[in-house]
Structures are given as C-alpha cells and as structure tokens.
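[1] quick one: sequence plus predicted model below, questions after.
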Amino acid sequence: MLEVKDLRASIEDKEILTGFSLNIKPGEVHAIMGPNGAGKSTVGNVLSGRDAYEVTAGDIGFQGEDLLGMLPEDRAKAGLFLSFQYPVEIPGVSNMEFLKTSVDTVREHRGLPALDTVAFMKLAREKCKQVDLELSFLKRGVNEGFSGGEKKRNEMMQMLLLEPSLCILDEVDSGLDIDALQVVAKCVNSMRSPERSFLLITHYQRLLDYIVPDFVHVLAKGRIVKSGGKDLALELEEKGYGWIDGVESST
Amino acid sequence: MTYSLVEKKVPFTLSAATLVESRSRSSQTSWLNDFRREALSQFQSQPWPTRKTESWKYTSLAALSEESYQGEVSEIEGKDVVSSQLSFDGLEGLKLVFVDGVFNQFLSSDESALSADVSGLICQRFSELDDAAKADVQATLGQVVDSENHLFAAHNNAMLQDGLLLKVLKNTKIEKPIQVIHYSTRQTAPCLTIARLVVVVEEGAELTVVERFGSSSETQNGFVNSLTECVVGSNAQLNHYRIHLEDETAQHVGGVHVNLLANSRLNSFQAGLGSVLKRVDVVVNHIEPGAHCELSGIYLPKNKQRIDFHTDIQHRAAHCTTNEVFRGIMADEAKATFNGRIYIHPHAQQTLAELSNKNLLLSNRAEVNTKPELEIYADDVKCAHGATVSQLDGEAIAYLRSRGISREKAELMMSYGFINELVESIKIEPIKQYMTQVLDSWFGQEQ
Ligand SMILES: Nc1ncnc2c1ncn2[C@@H]1O[C@H](COP(=O)(O)OP(=O)(O)OP(=O)(O)O)[C@@H](O)[C@H]1O
Ligand SMILES: [Mg+2]
C-alpha cells in the first residue's frame, strides 16, 4: 500500500523530516505517536502533497506508483485521504457542493458512473447521520463556523463518502467528546477491510482502545525511533517518551 | 458633425450647440430645447475631471479625451446583432430595444403588446409623447438627478435626443418585468449614444424594470452615456435590475438616480462586466419617512478592464433603511473602484443603514480601490459599514485539492462562492439563470 523510504522534507529551509521510513500493507492499521512538533502532521501533509513542503530526499511508493510525482488532487483520486488536524473553513462554498464535486471527481477517476443529484443527496444524508451531524451541516459553508468536533465529523463524513484506500487521520480524536470519539471509531472500524489501510496520528492511547492498531510507532525529531505492537501505546501512556533513545527528555 | 467631449474651447461649444438644434429637429423633441441648452451651459461650466478630482480619482477619462464622437449614428440596418445579448431566455414581458441609442421597432415587442397587455402602464418614447405623458416627463426629467454635481448627467441632459418614460398608475402592480435593452455596435466613426429612462411608480404601485446594456462582439469605438431617473411613490415598490455586459473595449458612463417617497421600497441589483471604462453612479434619496432601499451589486473586471461603482445613499427623512452589499472580483490586470457613501442628514432619526463591500483579487496585478463612507449627522441611528480586500485562501485551495478537486476547479468554486450569494438572491429566475451562465463563462475564460 504505502512504502516510505528515508524521507527528508523541509519547510522554509527548516528540515522537519530527517529520514522517515514506514511500510504499510493493505488492511493494516498503524498508529504514530510522538511529542509536539516531532513532525507527525508533516508526515500527513507531505504524503497528501502540500506544496509548502520541499522533499529533499527519499521515495514514496503508493500502490506501486511514485507518489512524489503526483499532484495533490491526483493522490486523492488514487485513494489517499488525509483527515486534517485543523480542517479549513471555506465560506461561500456549500458543504454539499464541495462533497458532490469531490465525490464526482473521485468516481470519475475510478470509472464509476456519476451520481445524479438525488442519489447523491440520499448518500450524503446517510453518511451525515452516520457521523451524527445534523443535515443542516450539508447546507452550510465548508466547515464554516463548525465547532472543533463538528469539523472532525465532517472529515469523517468525507472519508466515508470517498472510500479511500489509505486513510491518514491526523489527531481525529482531539477535541472530541466521549460520544463523538465512539462515532469516529465506529466509522473507522466500519471501513476496515483487507484492502484498506489506516495511519492514525494521535497523542492518546484511548483512541487505540477503540481502533486497535496492528503497529505503533514513535516519531521524534522527524524520524521513527521506536516501533512495536499495540502494547507500545500503553507503555507510552504510562512512561511518556523520555525513556526512548532519540527522544530528548523534556526534563 | 463631430465634436470632442473634452475640449471646452470654441469648436466644441459651437458644434455641440448646433448638435442640440439639429437633433431636436429630427427627433420631434423641440420642447426639450430649453432644457438642453441650459444643460449644455451647465456641462460646459463644470471642470473636466482630472486625477485630482476626488470623485474621479481612480477613473481615468483619458481614453475619452482623445476621441471625437459622431452625433448621428450611421445606418444600423443589416448589422448583425447577437440575439443572446438582447433577451433573457424564458423572460416574458414587454421589451424595448435601442441600438446605438435608436429605438428599434423590429427587435422590440410589437406596438399592440404595449397597449393591449398592460393596463395601468404608460410606456412612451420622448419623441412621441402625448400631452399627459409629456407633463410627466417634464415633472421628472432632470429633477431627480443633481446635474450640478454629476458632470455626465449634465452631458446627458444636454445631448438628450430620445428617451423612454415608464409610468405605473396608482395601485397598479405590473407583474411582468419591463426590459429596456441597449445594444451598441461599432460604427464607422466613433459615436455617442445617449440613453435616458424616466421611471415613475405612483402611490401603491409596483414595477420591475430590467435595464441591460450589451454590445456586439466587435471592438467598440463609441461612448455610451446612460441616465435613469426614478421616482417611487408612497407605498410603491420598484424592482430595478441593471446589467452591464458590454464588450471589454466599451466605454460607458451611467447613472441611476432614485427618489423614494414615504414607505416606498427599492430593490436594486447592479452587475458590471466588460468595458475599458465603465462608471456607474447610483444615487438613492430617501426623501420621506419609512422608505427602504435594498441595493446589491457585483462587478467583475478582467484583462485590462476598468469598472467603477459609486453609490450615494442620502437619508433625508426619518425611519428609513438601507441595506447595501457589493462584491467585486478582479482578475488579470483589471482595476475596480467602489465608492459607497451613506449620508445621514440631521433629521433622519431612526435610520438603519448597512453597507458592505468585499473584494477578491485573483491576480497580483489586479487592483481595487474601495472607499466606504458613512457621514452621520443624526444621533439616533444604527449604521455599519465595512470593506475587505482579499485573495483566494491558499489553505482552502490545498484543502479542496486534497479531496481530488483540481486547482482550477478549486479556485473557481471559491471565487463563485464569493459572489454566489448575491446572484442567488436575484428573484427573477430567467435573470438568475442568465447571470449564472455569464459567470460560468467569465470563470471559464479565467482558467
Ligand atoms: N510554515 C512553517 N514554518 C516553519 N516551521 C514550521 C512550519 N510549519 C511547521 N513547522 C514546524 O515543523 C515542526 C513539525 O510540525 P508538525 O505540525 O509536523 O508537528 P506535530 O508532530 O504534528 O506536532 P503536534 O503534536 O503539536 O501536532 C514544528 O516544529 C513546526 O513548528
Ligand atoms: Mg500535528
């Protein structure tokens, strides 16, 4: 699914990723944890193709293709999805119009017939209910004035609609109340399949109680310094990051 | 008969004066001679605007100054007209078409439709007014506009040849919109078009007027001066659409001047596209208490176009409200000016007035000058105004792209989103549809 090799990336001449490598096979769920500023969001952003970042070294293979040679929109069409840590507000563009345009584009790319407006509305309403958002959110501007938790649910709705093959969820649990956390976990779990993979970026072990990962990695200073199974998250919760080589103790 | 618009020297004066005489003979409007003569001297006594003239600071008239304009249009028969520029698909109602300022019977609704269909409506050209209608015109013409302070209104008065009177009698509601369509072509020699409309909506009556300015797709060489004066009687309502869709080489200076009487209502929508020089002044006078003005507009210059809107809302009576919203999108090397003034006179207590102007620059070379002005001389009023200039949000574009939407499409969706609200609020479906198409192609060419 995803093969990242020795990735180095910088922003405004500051190197953030310093040799990041990661392999994700179809059907696997990986979690990345790590201190603030370690470069976790940077991983997601670089994978999704944000042009503010400069990739200075390394390779990324996505479903056998060279991801770095693809435009952000083509990456999305090919099945890569990033749920943003901070979803962007776009006043004036209705959520419904946005979702339909996005779904239309992706379906066209996959050779699927376009959904007519009625069929799409039906689908959108269904997904809206699934993430526990009121239908009125479809009519509002994209994320416009949404609360933190509502934005995250809107991200989940997009994931459900686009049916990507790799979902990168950047702190999808931050700012969620307990019920919302369950809703999000349900969405993810309902989508788990042998063909679909997930990369969860989180600070909290709790999310991983609901969405059980196959692998947990610790990212520090732009590279993975430790990997393990789901138990690693529990250990981190208990001991923090200080004991791991390559992570500077905060004390 | 050629004259320069600018030179205030002898040749201009002479030829313009002869023009007044000769036109009046040909157009059976000799009863306007005194009006024209007076206006001419008023026009000539006003200084020609320069960069230092405050209200013309950002509008260059340089292009006008270099040209001489023919008084009479040459034959327009046999000219190709772009029919899509002359109608709105599916829009019913009376239509009056002027080509280069000359009424065109063939392109307009036929005479019988005029008298038969619409009772309570008087629709006559100045050149064929009956006595009652002449009295109506004389009571209104030049009375709403302050031609001492609007140079081109004085010019319009002076050069006036023919015009149109639309009047709705007391308590009559005219259901279908009246379309007044001006179409400009390229004449052999640069030509001056004077367009004039007088609208009188009597007490308790309601009228919808759609003014539209279009042109052939040839390079334009003429100059259009259009002036509309409206009086909306007490408890009456005027819905006014004014849509400018001229070729980008067109030159047009226009004015809309409205008097609102007690408890009357004006719903006005303005759209400006095209033109190398386009300036529209919208002046609304709240003359009596309880009037309401809903004014919205969009302007979208691209390439090297110049579009200026100057609005001036005068609250002269108590309990009146104004809600004004203008949005502009500037692309390429285009420039726009928005100057919106709301003036609250001392006795205009309990005024509610809001003015919002937002601008979006699609290119680094595009420019906009926005100047909202509130002048308040009454103490019990609620007023707000705001103006913004922004560019497309890069974060938002990245967000849309991360969902499979191309950069071009993302920019389009966001630009559209910027003005869509105003287009959506157009109440006449065929006009809304039409404007949507216009915007589609405007943005389409953008890509
Ligand atoms: N535009 C920028 N200019 C300079 N530095 C930047 C820029 N964007 C991000 N950074 C820096 O890159 C580093 C990594 O940021 P990133 O957002 O990837 O961290 P993170 O691991 O996701 O942290 P958090 O847990 O707080 O979300 C940080 O030190 C951040 O300040
Ligand atoms: Mg982060």
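    The structure has been received and is ready for your questions. Ligands and ions are numbered 1, 2, ... in the order given.

[2] touching, B:Val201 and B:Cys230? I think so.
    Yes: at 7.3 Å, B:Val201 counts as touching B:Cys230 under the criterion of Cβ atoms under 8 Å. Glycine gets a C-beta too; all of them are placed from N, C-alpha and C.

[3] overlap of the contact sets of these two?
    Common contact partners of B:Val201 and B:Cys230 (Cβ atoms under 8 Å, 6 or more residues apart in numbering or on different chains): B:Leu238.

[4] of the two, give the one with the bigger neighbour count.
    Counted by other Cβ atoms under 10 Å in any protein chain shown, B:Val201 and B:Cys230 do not tie: B:Val201 has more neighbours, with 28 against 24.

[5] name the nearest residue to that one, sequence neighbours excluded.
    Distances taken as Cβ to Cβ, 6 or more residues apart in numbering or on different chains place B:Ala236 nearest to B:Val201, at 4.3 Å, with adjacent residues excluded.

[6] and B:Val389, by the same measure?
    B:Asn359 (4.5 Å).

[7] which residues sit against stretch A:185-198?
    Stretch A:185-198 is contacted by residues A:1-2, A:24-30, A:130-131, A:156, A:159-160, A:163-169, A:207, A:210-211 when judged by Cβ under 8 Å, 6+ apart.

[8] can you flag which of those belong to strands?
    Counting by DSSP state E, the contacts of stretch A:185-198 place A:Leu2, A:Ile24, A:Val29, A:His30, A:Leu166, A:Cys167, A:Ile168, A:Leu169 in strands.

[9] all helices for the stretch 101-250 of chain A, in order.
    For the stretch 101-250 of chain A, helices defined by DSSP state H, counting those that start in this stretch occupy the ranges A:117-130, A:148-162, A:178-191, A:205-210, A:231-239.

[10] what of chain B?
    Assigned by DSSP state H, chain B shows helices spanning B:10-26, B:33-45, B:62-65, B:111-117, B:131-140, B:151-159, B:394-401, B:407-424, B:429-446.

[11] ok so, going back, and the residue nearest to B:Val201, how far is that from ligand 2?
    For B:Ala236, the distance to ligand 2 (Cβ to the ion, to the nearest Å) stands at 60 Å.

[12] how near is that residue to ligand 1?
    Applying Cβ to the nearest ligand atom, to the nearest Å, the value for B:Ala236 to ligand 1 is 58 Å.

[13] and what of B:Leu169?
    Here the distance between B:Leu169 and ligand 1 works out to 67 Å (Cβ to the nearest ligand atom).

[14] mind listing what that residue touches?
    B:Leu169 makes contacts with B:Gly120, B:Leu121, B:Ile122, B:Glu202, B:Ala205, as judged by Cβ under 8 Å, 6+ apart.

[15] swap in 7 Å and give it another go.
    Residues near B:Leu169 by Cβ atoms under 7 Å, 6 or more residues apart in numbering or on different chains: B:Gly120, B:Glu202, B:Ala205.

[16] A:Gly64: which of those is nearest?
    B:Ala205 (72.2 Å; Cβ to Cβ).

[17] which strand residues bridge the closest residue to that closest one other than its chain neighbours?
    Closest residue in space to B:Ala205, ignoring its immediate chain neighbours: B:Val168 at 4.1 Å, by Cβ to Cβ, 6+ apart. Note on B:Val168: beta-bridge partners by DSSP bridges are B:Leu121, B:Val201.

[18] roughly how far apart are the residue found closest to B:His155 once you drop the neighbours it is linked to in the chain and B:Asp312?
    For B:His155, ignoring the flanking residues on the chain, the nearest one in space by Cβ to Cβ, 6+ apart is B:Phe43 at 5.0 Å. From B:Phe43 over to B:Asp312 the distance is 20 Å, taken as Cβ to Cβ, to the nearest Å.

[19] do A:Leu7 as well
    For A:Leu7 relative to B:Asp312 (Cβ to Cβ), the value is 60 Å.

[20] got it, and B:Lys432?
    27 Å.

[21] of all of the stretch 151-300 of chain B, which residue lies closest to chain A?
    Nearest residue of the stretch 151-300 of chain B to chain A, counting by Cβ to the nearest Cβ: B:Ile298, 13.1 Å away.

[22] show me what contacts the closest residue to B:Ser87 other than its chain neighbours?
    Once flanking residues are discounted, B:Ser87 sits nearest to B:Lys95: 7.1 Å by Cβ to Cβ, 6+ apart. Residues in contact with B:Lys95 (Cβ under 7 Å, 6+ apart) are B:Ser108, B:Ser109, B:Gln179, B:Ile181.

[23] check B:Lys95 and give its pLDDT.
    pLDDT recorded at B:Lys95 is 92.

[24] same deal with the one 10 residues further on?
    B:Gln105 is assigned 85 on the pLDDT scale.

[25] kindly report the residues of the stretch 51-200 of chain A close to ligand 1.
    Neighbours of ligand 1 within the stretch 51-200 of chain A, by Cβ under 6 Å from any ligand atom: A:Gln85.

[26] who in the stretch 51-200 of chain A is up against chain B?
    Residues of the stretch 51-200 of chain A lying near chain B by Cβ under 7 Å from any Cβ of the partner chain: A:72-73, A:76-77, A:82, A:88, A:90-93, A:101-102, A:105-106, A:158.

[27] ok, those residues vs ligand 1, which is closest?
    A:Leu82 (12.3 Å; Cβ to the nearest ligand atom).

[28] tell me the secondary structure for that closest one?
    What DSSP: H, G, I helix; E, B strand; the rest coil gives for A:Leu82 is strand.

[29] pretty sure it is touching A:Val46, no?
    No: A:Leu82 is not in contact with A:Val46 according to Cβ atoms under 7 Å; the separation is 10.1 Å.

[30] tell me which element whichever residue of chain A sits closest to chain B falls in.
    Going by Cβ to the nearest Cβ, chain B is nearest to A:Gly92 of chain A, at 2.6 Å. In the assignment (DSSP states H and E), A:Gly92 maps to strand A:90-94.

[31] which residues sit against that strand?
    Here strand A:90-94 makes contact (Cβ under 7 Å, 6+ apart) with A:Lys139, A:Gly141, A:Val142, A:Asn143, A:Glu144, B:Ala396, B:Tyr399, B:Met413, B:Met414, B:Gly417, B:Phe418, B:Asn420.

[32] that's all I had, so thanks and see you.
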